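S.K.: Predicted coordinates and the sequence they were generated for:
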Amino acid sequence: MCLATVYVEDDGQREEVMQDVAWIKPANGGLQLVTFLGESKFFQAHIESIDLMNSLIVLKRMATDSAERVPGDQEGKLA
Amino acid sequence: MKKMAICGKGGSGKSTVVALLAHGLRDRGQRVLVVDSDESNPGLYRVLGFDKRPEPLLKLVGGKKEVFPTFSEGSEPRDTLLTREEVRVADLPGNYIVERDGIGLVCIGKILQSLEGCACPMGALSREFLKRLSLQKDEMAVVDMEAGIEHFGRGVETSIDSVLIVTEPSFDSLELAEKINSLAAEVGVERVWTILNKIGGKEIDSRLRKELEERGISVIGSIGYEPEIFQSGLEGRPVRRDRVQTDIGRILDQLL
């Protein structure tokens, strides 16, 4: 499966936050993630690792949460 | 039982069985939605007796190339129908479904070009469409799966309640039936059966049933080898079901 499941790591804990992610774009100091159906979420995070063999992407939450929302965002858990 | 997936080895007769079951279910008063989840074989619409294939649902959600540009321009996400929690058959726009006499057909998507990339989005779309598909009273969905077992890896069966494995008289087909039986159980499908297909006589029927029983697989019925079905497949015509009505009837007696 080449659509990715995305996890966010925070304080050593890993939480699944999105499935079927097709696009990722840097935005406002964080990352905008979009599924193949067009659902999007913003995360104040950077990419920790990309595992293409297993379709896994791990994000690491950044300390600040001051990023502004981008039009089209859902209120992501970490937005 | 509302959503059933028809699985099996390539060439075992999945599309033919889908058409036979769809017509049989319709004759028993069900409104049947056939979901073409095979990204390769082009002709299910012909087997079912339609003149054309519906537009693929992949196009409804923007295809492979359009969703991200739309998002990048800063617009709100579109209502692509499949972002809703529930999708009824009646919600599908007219060009995305062909319908006649109680049978409808939708198509997930087809591989169109060399080097266009993998079919993962189609597998994911099949999974999400079937998850969201809300069937009304007297409606059933029959899903024509792609050949083989990759769809299990993509989780397409997660909202399927029955898997029917089409098994033809070959060792490979038996082996694959065993694998599908195990994969379906892993994903939590409670009702898994095999339909024997292209059966040329009682002797081969008995032998296959014995082989499958030894592998722990239930046989729900058997469809005979009929030259008329072979001929309609060869000529790209709708499946002839006259001579296998009794076989299909027996299967439906157990299914319903």
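M.R.: Nice, thanks for sending it over.
S.K.: What is the neighbour count of residue B:174?
M.R.: Here the count is done by other CB atoms under 10 Å in any protein chain shown, and residue B:174 has 20 residues near it. C-beta: built from backbone N, CA, C; applies to glycine.
S.K.: thought it was touching residue B:166?
M.R.: No. Proximity of residue B:174 to residue B:166 does not meet the contact threshold set by CB atoms under 8 Å, at 11.9 Å.
S.K.: So the residue of chain A positioned farthest from its centre: helix, strand or coil?
M.R.: Distance from the centre of chain A peaks at residue A:53, with 18.3 Å (CA atoms, centre = their mean). Recorded secondary structure, residue A:53: coil (DSSP: H, G, I helix; E, B strand; the rest coil).
S.K.: Next one: it from residue A:63, what distance?
M.R.: According to CB to CB, to the nearest Å, residue A:53 and residue A:63 sit 30 Å apart.
S.K.: For the closest residue to residue B:226 other than its chain neighbours, give me its contacts.
M.R.: What sits nearest to residue B:226 in space, not counting adjacent residues and going by CB to CB, 6 or more residues apart in numbering or on different chains, is residue B:243, at 4.9 Å. Listed by CB atoms under 8 Å, 6 or more residues apart in numbering or on different chains, the contact set of residue B:243 reads B:224, B:226, B:228-229.
S.K.: ok, of these, which one's closest to chain A?
M.R.: Set against chain A, the nearest of the contacts of residue B:243 by CB to the nearest CB is residue B:229 (35.1 Å).
S.K.: For my notes, confirm the closest one occurs in a strand.
M.R.: No. Per three-state DSSP, residue B:229 lies outside any strand segment and is helix.
S.K.: correct me, but it touches residue B:16?
M.R.: Yes. Using CB under 8 Å, residue B:229 is in contact with residue B:16, at 6.2 Å.
S.K.: Is it correct that residue B:93 is in contact with residue B:60?
M.R.: Yes. Contact criterion CB under 8 Å: residue B:93 and residue B:60 qualify, at 7.2 Å.
S.K.: Point me to the residue of the stretch 101-250 of chain B nearest chain A.
M.R.: Closest contact between the stretch 101-250 of chain B and chain A, by CB to the nearest CB, is at residue B:120 (4.6 Å).
S.K.: Not counting sequence-adjacent ones, nearest residue to that residue?
M.R.: Closest residue to residue B:120 apart from its sequence neighbours, by CB to CB, 6+ apart: residue A:2 at 4.6 Å.
S.K.: same check, this time on residue B:101
M.R.: Ranked by CB to CB, 6+ apart and with sequence neighbours excluded, the top spatial neighbour of residue B:101 is residue B:26, at 6.8 Å.
S.K.: Ok, residue B:30 next?
M.R.: Once flanking residues are discounted, residue B:30 sits nearest to residue B:140: 4.9 Å by CB to CB, 6+ apart.
S.K.: same thing with residue B:50?
M.R.: Setting aside the residues directly before and after it, residue B:50 is nearest to residue B:98 in space (CB to CB, 6+ apart), at 4.9 Å.
S.K.: Mind telling me what element residue 24 is part of?
M.R.: Reading this off chain A. Residue A:24 belongs to strand A:13-27 when assigned by DSSP states H and E.
S.K.: Not quite, go with chain B.
M.R.: Taking DSSP H and E as the definition, residue B:24 sits inside helix B:14-27.
S.K.: Check residue A:49 too.
M.R.: Assigned by DSSP H and E, residue A:49 falls within strand A:45-51.
S.K.: any idea of the mean pLDDT for stretch B:227-245?
M.R.: Average pLDDT, stretch B:227-245: 92.
S.K.: in that stretch, what's buried?
M.R.: By neighbour count on 16 or more other CB atoms under 10 Å in any protein chain shown, the buried set for stretch B:227-245 is B:229, B:232-233, B:239-241, B:244.
S.K.: Just the CA atoms of it, as CSV, please.
M.R.: Output of stretch B:227-245 as CSV, limited to C-alpha atoms (Å, rounded to 0.1, in the frame of the first residue of the first chain):
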residue,chain,number,x,y,z
PRO,B,227,-20.4,-24.2,-23.5
GLU,B,228,-23.0,-21.4,-23.8
ILE,B,229,-21.3,-19.4,-21.0
PHE,B,230,-17.9,-20.1,-22.6
GLN,B,231,-19.3,-18.9,-25.9
SER,B,232,-20.8,-15.7,-24.5
GLY,B,233,-17.4,-14.9,-22.8
LEU,B,234,-15.6,-15.5,-26.1
GLU,B,235,-17.8,-13.2,-28.0
GLY,B,236,-18.1,-10.5,-25.3
ARG,B,237,-21.8,-10.9,-24.9
PRO,B,238,-23.9,-10.9,-21.7
VAL,B,239,-23.6,-14.2,-19.8
ARG,B,240,-26.1,-16.8,-20.7
ARG,B,241,-27.7,-18.2,-17.6
ASP,B,242,-30.4,-20.4,-18.9
ARG,B,243,-28.6,-23.7,-18.2
VAL,B,244,-27.2,-22.8,-14.8
GLN,B,245,-30.3,-21.3,-13.2
